[in-house]
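Enquirer: I'd like to go over a predicted model; first the sequence, then the structure.
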Amino acid sequence: MAGTLLDHIDSPADLRKLAPADLPQLARELRDFLVNSVGQTGGHLASNLGTVELTIALHYVFDTPADRIVWDVGHQTYPHKILTGRRAAMAGLRQAGGIAGFPRRAESEYDAFGTGHSSTSISAALGMAEAFHQRGSGQRAVAVIGDGAMTAGMAFEALNNAGATELPLLVVLNDNDMSISPNVGALNNYLAKLMSGKFYAAARRASDKVLSVAPPIRELARRAEEHMKGMVTPGTLFEEFGFNYIGPIDGHDLDVLVETLRNIRELAGPQFLHVVTRKGKGYAPAETNPCLYHGVGRFDPDAGVIEKSGGRATYTQVFGDWLCDMAAADSRLVGITPAMREGSGLVRFSQEYPKRYFDVGIAEQHALTFAAGLACEGMKPVVAIYSTFLQRAYDQLIHDIALQNLPVMLAIDRAGLVGADGPTHAGSFDLSYLRCVPNMLIAAPSDENECRRLLTTAFLHDGPSAVRYPRGSGVGAPIEPGLAPLDIGRGVLRRSGRDVALVAFGSLVAPALAAAEALDASVADMRFVKPLDIDLLRDLAHRHRLLVTLEENAVAGGAGDAVTEALAALGVVIPVLQLGLPDRFIEHGDHARMLADCGLDAAGIEAAIRQRITLLPE
């Protein structure tokens, strides 16, 4: 056969034609392809290097796409994409018009469920398994969940539900941090094959039937079995949920993976397979520093990722520095993150204030209510959270924080569009879903210095507050030292002009200023979405013929709607043009290009305003 094995794999059907002895060679080729491909495009690397053998084994054993594999989180699915006909498409990964970095049902029949957030796989796979049962199908459903995702309550809710059924659901725990059990070796592999075998399952059923006539002896046997399993495995918890626990096994041993999965495929009822893998497996730099190689830009595989320094500060860095400075000034401050220490800029804080730093795992709901409890007892919690992940804790925000008017501060990162990560990670809705909540203070900084000052303002506020800022670097504004707050509910006029006033929020102040130069328009940096600067709005409405609201948020229910509602309450009648994100999900790509496609760059803003001006009465 000419070329590599991987060259001839265009679908899992091709994969299943290989002999088992060929699979390790395929794994090596797939791993090499991954490193070189991600080096050209950027993306998630360490997690994908860790799932190479597991992905091969799943598609080798199960009849995909008829059998469904549901991947949790989704950033570990590059091997899956490569083996399911998208090898050539990896050249356009996460780029405009290219394939997504996460599973998408619209992209491939092999992507059984769209994911980007965590801890959804078991629920979705259980729903699929029940659908198969309802229609009498022999299809199987498999959920692949990472150990981090097991920290979320939703995963345990699904386990609790699934364990009470007789559905042939398989949950695969990809334990890539050895967080549950480090004891992986020949004995565990042997036990896993034994416990997944037909003889063990049949013997278990037979003994259960025989002993059912003597309940005390049956209970004694059950406890003895659990005790023996518990000596070498951490499976008692999952057994209590009603699953047959198997493992832990070496997630890089294809012989063990394939044999164990084949055995499990023949078993009835819910099964739980514990697989231990290593992030970055097979690429030394990623093995040594899996955090650095979690998400990378383009890099030279031979040289590895070179950490960059200098340049303009990111808003995340501004927040991280502010948090440490404010912690030094106020001993009541505690920092909380739902498993996003690096992404949210909390590394330095966690090192300097370890007793005041709390990573609660991928548990956004718990993070907010935990913060509420701290606030009840006089602490000043700051929850660092991505906009898209805050959506998962909306009830806790309303019921546990806002309703009780507790001083919990939300530092909302990744507000607005997020480029290559696409719609699953875009912070398109936070202004809409926050501003309708009573007691909330909401701020949107336009540059790095304003961000620092608004963070202080929100922290000092005696009630729930949120400061939302975008991904990436600021505009290059110098950052003043100190912790000086700004006046709540007060914006600032950045430019005075004629006829048109641009009422801009946060990240769109900069393009608004650029567009205003060509239009000779006024520009107001509103700073606050709630409360709005009513005096500034009234003045702008009286001196101009048209108001234009600008926000990197959905137009529906966003800051622009807040402006029109305020003007109506004032009895002020003036045309208002609302510019923001359209009523659709914005596909992944370059951030600047995405804004331009939405008409939110300087040129797009100018064009929309000129078109609207032509409709104004003389």
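Expert: Sure thing, it's come through. This is a predicted model, so every value here is computed, not measured.
Enquirer: And stretch 386-399, end to end?
Expert: Criterion CA to CA, to the nearest Å; first-to-last residue distance in stretch 386-399 is 20 Å.
Enquirer: scratch that, stretch 68-85 is what I was asking about
Expert: 16 Å.
Enquirer: same question, stretch 520-540
Expert: 14 Å.
Enquirer: Start the count at 5 instead of 1 going forward.
Expert: Sure, I'll start counting at 5 from here, so that last one is stretch 524-544.
Enquirer: Give the buried residues for it.
Expert: By 16 or more other CB atoms under 10 Å, the buried positions in stretch 524-544 come out as 525-534, 536-537, 540-541, 544. In short, each C-beta sits where N, CA and C put it, glycine included.
Enquirer: Show the pLDDT at the residue minimising distance to the centre of the chain.
Expert: For the chain, His121 is the residue whose C-alpha lies nearest the centre (CA atoms, centre = their mean; 4.3 Å). The model reports His121 with a pLDDT of 85.
Enquirer: do you know how far it is from Asp76?
Expert: 9 Å (CB to CB, to the nearest Å).
Enquirer: pLDDT weak spots in this protein?
Expert: Scanning the chain for pLDDT under 70 picks out 5-6, 151, 181-238, 310-314, 622.
Enquirer: Ala528 bridge partners, please.
Expert: Here Ala528 sits in beta bridges with Leu497, Val507, going by DSSP bridges.
Enquirer: no no, Gly308
Expert: Here Gly308, judged by DSSP bridges, has bridge partners Asp304.
Enquirer: correct me, but it touches Pro289?
Expert: Yes - counting by CB atoms under 8 Å, Gly308 does reach Pro289; the two are 4.1 Å apart.
Enquirer: sorry, back to before: now the two most distant members of the buried residues of stretch 524-544.
Expert: The most widely separated members of the buried residues of stretch 524-544, counting by CB to CB, are Ala525 and Lys534 (24.8 Å).
Enquirer: Can you tell me which of the buried residues of stretch 524-544 end up in strands?
Expert: Residues of the buried residues of stretch 524-544 located in strands (DSSP state E): 526-529, 532-534.
Enquirer: Now distance to Ala31 too, for those residues, in CSV please.
Expert: Output for these, formatted as CSV (distance: CB to CB, whole Å):
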residue, distance to Ala31
Ser526, 62
Val527, 56
Ala528, 58
Asp529, 54
Phe532, 54
Val533, 51
Lys534, 53
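Enquirer: so which strand or helix has the residue nearest to the centre of the chain?
Expert: Per DSSP states H and E: His121 is located in neither a helix nor a strand.
Enquirer: Can you name the residues that contact it?
Expert: Residues counted as contacts of His121 (CB atoms under 8 Å, 6 or more residues apart in numbering) are 77, 392-393, 396, 428.
Enquirer: Narrow these to just the buried residues.
Expert: 77, 392-393, 396, 428.
Enquirer: If we only consider those, which is nearest to Leu296?
Expert: Val77 (18.6 Å).
Enquirer: hang on, isn't the closest one packed against Ala153?
Expert: Yes - counting by CB under 8 Å, Ala153 is a contact partner of Val77 at 5.9 Å.
Enquirer: Distance from the chain centre to stretch 160-169, please.
Expert: 23 Å (CA atoms, centre = their mean, to the nearest Å).
Enquirer: now do stretch 344-359
Expert: Stretch 344-359 has its C-alpha centroid displaced from the chain centroid by 18 Å (CA atoms, centre = their mean).
Enquirer: try stretch 419-435
Expert: 10 Å.
Enquirer: same deal with stretch 502-518?
Expert: Mean C-alpha position of stretch 502-518 versus that of the full chain (CA atoms, centre = their mean) differs by 30 Å.
Enquirer: Can you name the residues that contact Val364?
Expert: By CB under 8 Å, 6+ apart, the residues touching Val364 are 155, 340-343, 370-371, 374.
Enquirer: Tell me where the stretch 405-554 of the chain has strands.
Expert: 413-417, 445-447, 469-472, 496-499, 504-508, 526-529, 532-534, 550-558 (DSSP state E, counting those that start in this stretch).
Enquirer: which one of the ones you listed lies closest to Leu401?
Expert: strand 413-417 (7.8 Å).
Enquirer: out of everything not next to it in sequence, what's closest to Asp14?
Expert: Gly89 (5.3 Å; CB to CB, 6 or more residues apart in numbering).
Enquirer: Please look at the one you found and Asp18 and confirm they touch.
Expert: No - counting by CB under 8 Å, Gly89 stays clear of Asp18, with 9.4 Å between them.
Enquirer: what residues are shared contacts of the two?
Expert: The overlap between the contact sets of Gly89 and Asp18 (CB under 8 Å, 6+ apart) is empty.
Enquirer: quick revisit: out of the buried residues of stretch 524-544, which comes closest to Gly301?
Expert: Asp529 (30.9 Å).
Enquirer: From Ala448, how far off is the closest one?
Expert: Taking CB to CB, one finds Asp529 at 9 Å from Ala448.
Enquirer: all helices for the stretch 55-204 of the chain, in order.
Expert: In the stretch 55-204 of the chain, the helices defined using DSSP state H, counting those that start in this stretch lie at 56-65, 82-85, 125-138, 157-166, 190-200, 202-215.
Enquirer: repeat for the stretch 255-404 of the chain
Expert: So, for the stretch 255-404 of the chain - with DSSP H, counting those that start in this stretch - the helices run 258-269, 288-292, 319-333, 351-356, 368-380, 391-394, 398-399.
Enquirer: any chance of these in TSV, plus distance to Tyr249?
Expert: TSV is the format used below for those (distance: least, CB to CB, whole Å):
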stretch	distance to Tyr249
helix 258-269	11
helix 288-292	28
helix 319-333	39
helix 351-356	33
helix 368-380	25
helix 391-394	30
helix 398-399	32
